[in-house]
Structures are given as C-alpha cells and as structure tokens.
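Trainee: Provided below are the primary sequence and the corresponding predicted coordinates.
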Amino acid sequence: MLKVNAMGDTCPIPVVKTKDAIRRLGQQGGVVETLVDNEIAVQNLTKMAAQKGYGVQSEKLGENEYRVTMTVGAGAELPKEDEETVCLVPAGKKNTVVVVSANHMGEGEGDLGKNLLKAFIYALSQQETLPGTILFYNGGAALTCEGSLSLEDLQSMADRGVEILTCGTCLNFYGLTEKLRVGGVTNMYDIVEKQMAADLIVRP
C-alpha cells in the first residue's frame, strides 16, 4: 500500500500525486490511500478512479480530513505522464476566463505595454483564486511561446489546474506553431464556447 498526503493541496495536486503513486505500483497493481482536506478533492479523485476503472472508497475522518482509497487491479491502465487533469469547480465559484489578445496591455508606449502585461500575468499567478481558463489569440499567442518572459508564471498556473489555450490559426500565422511551450492549441469555435460559458471575462 502507498500513502499520499495531499492535505492543504489545491487541485490538481492531489490527483497528480495520486497518479504518481499509482504509476509507482506498476503493473502488479495494489492500493493507494490519499488524504485530502476538502470534498471537491474527494470528488476529483473519485472521478479519476472511475475513468480508469479502479475500485474507490472514501470516508470522512474528521473536520476537513478525508481518506480516498483506490484499489488498482493487476494489469490495469496506469495514468500517463502527460495526460490532462481536469478539476471540478467548487459550488459558488465563478467560471472566470481571461482573454489575452495582444502582446501588450493598454494603449501607448510599446515597451511599457509589454511590461504591464508581464506584470499582470505574474500578479494573476499569485492570486488565491485562479481563472478556469486563459485564452491567447492574435498577438497574445506569443505569450505562450518560446522567448516569452511569462512562461514560468503561466506554467505555474497550468500546474495548479488553469486551462491555457492558444489559437492554432494565430500560431500558424505568426510562425509560432513549433514554438508553443505551455498549454494546448485551440480553435475559434472553442474560444467562443469558453467565453459564452464564462461567468466573468477578464481582458487585460
């Protein structure tokens, strides 16, 4: 049996830690116990187990303490290193989408605008509550690509479960398709769908 302590961790970290433990079990299978401190984490872990076909049980040990036990059968599908981890949104939390459509913030002197946008993305990454999705298109596509000074901040948000998507048509137009370094590629249909489903849209 492997035990995972994810107390105090925000999504997707409890799921990521549990997936790592399951991979360590290997093809012989076994049991992984994960401790978390909120019901949303329990739901995320239960959802992941159901998707993979693992046996799963959860129990409340005390106030803000839960144990999720997964039983992985011999030869069961193991989580892949690069597979996407999708988090459930807690009840009452707004679905916020940030839209970045240029490589600068505001109008005026070019270098100032670029510095402002870099500062905005850093400040965004430091918020306790992060957006669900950040969309990059037109000139904003450069922010997710090689050479961007915001890659570290964007990756830190991606690691915390933020969906980062860049317009594929824009990457192709600017010759950046092979230089994408964080997040995934999207299309205009998805860009429209994400914004239509948002409770709040932020445009720096």
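Mentor: Sure thing, it's come through.

Trainee: per-residue pLDDT, the spatially most central residue of the chain?
Mentor: Nearest to the geometric centre of the chain sits residue 161, at 2.1 Å (Cα atoms, centre = their mean). Reading off the confidence values, residue 161 has pLDDT 79.

Trainee: how about residue 91?
Mentor: In this model, residue 91 is scored at 52, pLDDT.

Trainee: ok, now residue 169?
Mentor: So residue 169 comes in at 97 (pLDDT).

Trainee: how near is residue 179 to residue 11?
Mentor: For residue 179, the distance to residue 11 (Cβ to Cβ, to the nearest Å) stands at 29 Å. Just so you know, the C-beta spots here come from the backbone N, C-alpha and C atoms, and that holds for glycine as well.

Trainee: so which of the two has more stuff around it?
Mentor: Using other Cβ atoms under 10 Å, the more surrounded residue of residue 179 and residue 11 is residue 11, with 23 against 15.

Trainee: the more buried one touches residue 44, doesn't it?
Mentor: Yes - assessed by Cβ atoms under 8 Å, residue 11 is found in contact with residue 44 at 5.7 Å.

Trainee: doesn't the residue nearest to the centre of the chain fall inside a helix?
Mentor: No - assessed with DSSP: H, G, I helix; E, B strand; the rest coil, residue 161 is coil; it does not lie in a helix.

Trainee: next SSE downstream of the longest helix anywhere in the chain?
Mentor: Ranked by residue count under DSSP state H, the longest helix found in the chain is helix 110-125. Per DSSP states H and E, the first helix or strand lying C-terminal to helix 110-125 is strand 133-136.

Trainee: tell me the strands beside that following strand, with direction?
Mentor: Strand 133-136 pairs in its sheet with strand 96-100 (parallel), strand 163-167 (parallel), by DSSP bridges.

Trainee: can you list contacts of the first one?
Mentor: In this structure, residues lying in contact with strand 96-100 by Cβ atoms under 8 Å, 6 or more residues apart in numbering are 117, 124, 131-137, 140, 143, 194-195, 198-204.

Trainee: next, the buried residues of the lowest-mean-pLDDT helix or strand in the chain.
Mentor: Sorting the helices and strands of the chain by mean pLDDT, DSSP states H and E puts helix 39-52 at the bottom, at a mean of 89. Residues of helix 39-52 classed as buried: 40, 41, 42, 43, 44, 45, 46, 48, 49, 52 (neighbour count, 16 or more other Cβ atoms under 10 Å).

Trainee: repeat that for stretch 153-164.
Mentor: By neighbour count on 16+ other Cβ under 10 Å, the buried set for stretch 153-164 is 153, 154, 155, 157, 158, 161, 162, 163, 164.

Trainee: pull the CA atoms of that stretch into PDB?
Mentor: Extracted in PDB, the C-alpha atoms of stretch 153-164 (Å, rounded to 0.1, in the frame of the first residue of the first chain):
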ATOM      1  CA  ASP A 153       4.200  32.200 -14.400                       C
ATOM      2  CA  LEU A 154       1.900  30.600 -17.000                       C
ATOM      3  CA  GLN A 155       3.300  27.100 -16.300                       C
ATOM      4  CA  SER A 156       2.800  27.600 -12.500                       C
ATOM      5  CA  MET A 157      -0.900  28.400 -13.200                       C
ATOM      6  CA  ALA A 158      -1.100  25.400 -15.500                       C
ATOM      7  CA  ASP A 159       0.300  23.200 -12.700                       C
ATOM      8  CA  ARG A 160      -2.500  24.500 -10.500                       C
ATOM      9  CA  GLY A 161      -5.200  23.400 -12.900                       C
ATOM     10  CA  VAL A 162      -5.700  26.500 -15.100                       C
ATOM     11  CA  GLU A 163      -6.500  25.600 -18.700                       C
ATOM     12  CA  ILE A 164      -4.200  27.600 -21.000                       C
END
